[in-house]
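A.B. asks: Sequence first, predicted coordinates after that:
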Amino acid sequence: MTRLAGVVVASNRAAAGVYDDTTGPLIVDFLRERGFEVASPVVVPDGEPVGAAISHHLLHGAEVVLTTGGTGLTPTDRTPEVTRPLLDREVPGIAEAIRAAGIAKGVPTATLSRGLAGVAGGCLVVNLPGSRGGVKDALEVLGPVLEHALSQIAGGDHPRPE
């Protein structure tokens with residue numbers, strides 16, 4: 001069975017061709033290593049285009065959509081605002097753990113990330129920070145819990161001791 005995932009990069013400058021995005025490929029590699037079929041990252045400007053790109057992946061059956069960027073405090077950082085209406089329910093522990101991982105590594109600005117995590121239909125959607133370091137920290141958090149989260153979303157039971 002094909003497992004689909006999507007990666008959305010929120011960056012005004014990368015979308016305009018000012019520089020190449022380097023965070024999306026990290027996420028694509030992470031997902032492919034876990035057996036997901038995932039296309040190249042979709043690089044879009046901050047704001048509504050991010051919501052449209054997430055919606056596209058949801059409509060095409062993605063089990064996971066990971067975004068990067070647009071979670072800070074600048075006026076154009078709107079990823080949480082366009083993600084929240086798409087979610088049926090939030091999973092705040094994931095977003096909290098991502099922030100905590102950055103703080104634990106001595107990155108005090110991790111406290112400024114407003115990224116969300118939640119479930120949209122049968123899909124896990126997680127907003128990751130826009131820096132390479134923030135993405136790496138976030139993927140370290142997601143790695144050990146991703147399969148269990150997806151199992152739960154699909155109606156799976158919690159593992160029981162033998």
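C.D. replies: Happy to help now that I have it.

A.B. asks: Downstream of the helix or strand bottoming out on mean pLDDT in the chain, the next helix or strand is which one?
C.D. replies: Every helix and strand of the chain was ranked by mean pLDDT, DSSP states H and E. The lowest is helix 12-15, at a mean of 94. Per DSSP states H and E, helix 12-15 leads on to helix 24-33 as the next helix or strand towards the C-terminus.

A.B. asks: The helix or strand following that following helix - contacts with which helices or strands?
C.D. replies: The helix or strand immediately downstream of helix 24-33 is strand 42-44, counting by DSSP H and E. The contact analysis (3 or more Cβ pairs under 8 Å, 6 or more residues apart in numbering; DSSP states H and E) places strand 42-44 against strand 5-10, helix 12-15, helix 48-59. From N, CA and C alone the C-beta is placed, and that goes for glycine too.

A.B. asks: Buried residues of the least confident helix or strand of the chain, list them for me.
C.D. replies: Asn12, Ala14, Ala15 (16 or more other Cβ atoms under 10 Å).

A.B. asks: Tell me the one among these nearest to Gly61.
C.D. replies: Ala15 (24.9 Å; Cβ to Cβ).

A.B. asks: gap between Thr111 and Gly121?
C.D. replies: 31 Å (Cβ to Cβ, to the nearest Å).

A.B. asks: Next: Leu142.
C.D. replies: In terms of Cβ to Cβ, Leu142 sits 19 Å off from Gly121.

A.B. asks: More neighbours: the two, which one.
C.D. replies: Neighbours per residue (other Cβ atoms under 10 Å) separate Leu142 from Gly121, with Leu142 holding more: 24 against 14.

A.B. asks: how much space is there between the closest residue to that one other than its chain neighbours and Ile94?
C.D. replies: Using Cβ to Cβ, 6 or more residues apart in numbering and skipping the chain neighbours, the partner closest in space to Leu142 is Val126 (6.8 Å). Separation of Val126 from Ile94 (Cβ to Cβ) stands at 6 Å.

A.B. asks: Give me the common contacts of the two.
C.D. replies: Ala117, Leu142 (Cβ atoms under 8 Å, 6 or more residues apart in numbering).
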